[in-house]
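**Q** no sequence on this one, just coordinates:
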């Protein structure tokens, strides 16, 4: 089916997945708050990523670096000079936009003359009276300490990667890992987007999951292909995405980040169109060599047994949590009819669903049913953890609610349960119901 963004947004707000940030005060553009179900889904996505890339492997280790970093970090990495987007202002309504996002087929390096020649209408007022394009640095600036001057300037990190690079030497000197090895990090990143839009796809505060994979320079192509296959396997087998919506794109040189010699973007067909979901970049030795020059510390890796010395090259598989969250919802969202009634259902994979089971008494005004249902609820909660209780409305309405939030199984305690110890288990996707003994749940 064709999934509309407004349907996803409506479901997220109605059922407590995602709300506009600071909504009670009128919101704040580019910020979003995750409600109880959103937090649960987001955590399961992040835990599944960590298990796949870190816990199930012997060559990738975790780090958790500070959000605030020495400002020399961003000078050495090139962010201070180059982490910018083309900003253009409408001369009529004075709306400000990212030039490469409101004009088709232009890159981030588009010039003023090139942009004006396209006669792109302003998204707000429809005029074509454009000012000069200028580069707008997206890093959030702040001050550290009690003095508010140039000596106290710091930045909220625009990516988690630099916290990995600055700890590369610490890991080498403490764990002595064999090449190739990787360092993984999950955490917040902040980007002062010119015009945040498209729900949680482009926001000013997001969560990232990044790996820096250190390899011998001559091995980068071989390891690049391995990681690319593993990324696709993760999306297919762990996230259970609709792979017909997943596409690979070789990024041309003019569109690659300043540090990249090769980048493959894995794109996804979101409700608003095709957008980047996950990336794999070959960063060469750009970051470690810059750190070596800026800090004066030797970043060489010494092969064990008195072997070669060299600065490793780096491959970077990275993904935004919110983008993956929306891809999971888009793949899972469906509408169908049950007994002539329209139904919205999230066919989330069982390992990602906020709740694995919902337990209900058939009637909430029958104490014996409620007591038995609470007993079953306690047993399942002890075993699985993510189990919910629902005794509101009739059983049909409970099923519809649980379908909409993605609960795979509903367990109903009825009068037969009191007689033979069996319960009704109803499947979310097929709506089929079977009788199962409580001890076999």
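**A** Okay, I see it. In this text the structure is predicted, and so the values were computed from the model without any measurement.
**Q** Is residue 145 part of a helix or strand, or is it coil?
**A** coil (DSSP: H, G, I helix; E, B strand; the rest coil).
**Q** any idea how far the nearest residue to it once chain neighbours are set aside lies from residue 192?
**A** Excluding the flanking residues, the one nearest residue 145 by C-beta to C-beta, 6 or more residues apart in numbering is residue 152, at 5.0 Å. For every residue, glycine as well, the C-beta is placed using N, CA and C. Distance of residue 152 to residue 192, computed by C-beta to C-beta, to the nearest Å: 19 Å.
**Q** Between those two, tell me which one has more neighbours.
**A** Ranked by neighbour count (other C-beta atoms under 10 Å), residue 152 and residue 192 place residue 192 first, with 17 against 13.
**Q** tell me the contacts of the more buried one?
**A** 136, 137, 138, 139, 140, 204 (C-beta atoms under 8 Å, 6 or more residues apart in numbering).
**Q** Buried among these? Need that as a selection in ChimeraX.
**A** Selection of buried members from the contacts of residue 192 for ChimeraX, criterion 16 or more other C-beta atoms under 10 Å:
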select :136,137,138,139,204
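**Q** What are the neighbouring residues in contact with the residue nearest to residue 145?
**A** 143, 144, 145.
**Q** quick one: low-confidence parts of this structure?
**A** Applying pLDDT under 70 to the chain flags the ranges 1.
**Q** what's the burial count for residue 431?
**A** If we define neighbours as other C-beta under 10 Å, then residue 431 has 15 of them.
**Q** meant to ask about residue 321
**A** 21.
**Q** ok, the residue lying closest to it once chain neighbours are set aside to residue 49 distance?
**A** Once flanking residues are discounted, residue 321 sits nearest to residue 207: 3.8 Å by C-beta to C-beta, 6+ apart. Distance, residue 207 to residue 49, using C-beta to C-beta: 11 Å.
**Q** Spit out the residues that contact the two alike.
**A** residue 186.
**Q** Just read off the phi/psi values of residue 412.
**A** Note on residue 412: its backbone torsions stand at phi -120, psi 130 [degrees, to the nearest 10].
**Q** May I have the beta-bridge partners of it?
**A** Assessed by DSSP bridges, residue 412 has beta-bridge partners residue 360, residue 424.
**Q** wait, doesn't it sit right on residue 423?
**A** Yes. When contacts are counted by C-beta atoms under 8 Å, residue 412 is listed as touching residue 423 (6.3 Å).
**Q** Between the two, which has more neighbouring residues?
**A** Of the pair residue 412 and residue 423, residue 423 is the one with more neighbours under other C-beta under 10 Å, namely 25 against 21.
**Q** Now do the SS call for residue 269.
**A** Quick answer, by three-state DSSP: residue 269 is strand.
**Q** For burial, what's the neighbour tally of it?
**A** Neighbour count of residue 269, defined by other C-beta under 10 Å: 18.
**Q** try residue 213
**A** 26.
**Q** any idea how far the residue nearest to it when sequence neighbours are not counted is from residue 116?
**A** Counting by C-beta to C-beta, 6+ apart, residue 182 is the residue found nearest to residue 213 once chain neighbours are left out, at 3.9 Å. Applying C-beta to C-beta, the value for residue 182 to residue 116 is 45 Å.
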